[in-house]
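In: Here is my input, please return the structure:
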Amino acid sequence: MSDKASLITRDLNVLAEQTGNVYQSIAVISKRARQLATKQKEELSSKLAEFATTVDNLEEIFENREQIEISKFYERMPKATTVATEEYTEEKLRFHLPEDNE
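Out: Model (predicted):
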């Protein structure tokens, strides 16, 4: 079990400070989370592609410890939304909000 709590209560006023709007802040965080999740998925897929086989031998699939360890490593990684929220609250994200046309 990890030392950090998987569920953290966030103050909406703190989230809204950078953009002035909670919804815009959430949009920024969600876009960053999608970027991180896509990157992680690509990394995992490329690492697991090395183990791809055309043989349909179930015993061989279940016995591949290295593949299992790689999968477990990615499962233990912090979720993309958590990382994106931390980056946002620590002001490590650079973003540009579109100007109002009004």
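
In: center of the protein, which residue is that?
Out: By Cα atoms, centre = their mean, the chain has its centre lying nearest to residue 80, at 1.7 Å.

In: Might one say that that one is in contact with residue 31?
Out: No: checked against Cβ atoms under 8 Å, the pair residue 80 and residue 31 is beyond contact range at 10.9 Å. Where C-beta positions appear, they are placed from N, C-alpha and C, glycine not excepted.

In: if we can go back for a sec, ok, now how distant is the residue nearest to the centre of the chain from residue 42?
Out: 13 Å (Cβ to Cβ, to the nearest Å).

In: same thing with residue 18?
Out: 28 Å.

In: The two: who's more crowded?
Out: residue 18 (16 against 10; other Cβ atoms under 10 Å).

In: and residue 29, how many neighbours does it have?
Out: 23.

In: so it, which of the three states?
Out: Following DSSP: H, G, I helix; E, B strand; the rest coil, we place residue 29 in the helix state.

In: show me what contacts it?
Out: Contacts for residue 29 were tallied using Cβ atoms under 8 Å, 6 or more residues apart in numbering; they are 15, 81, 84-85, 88.
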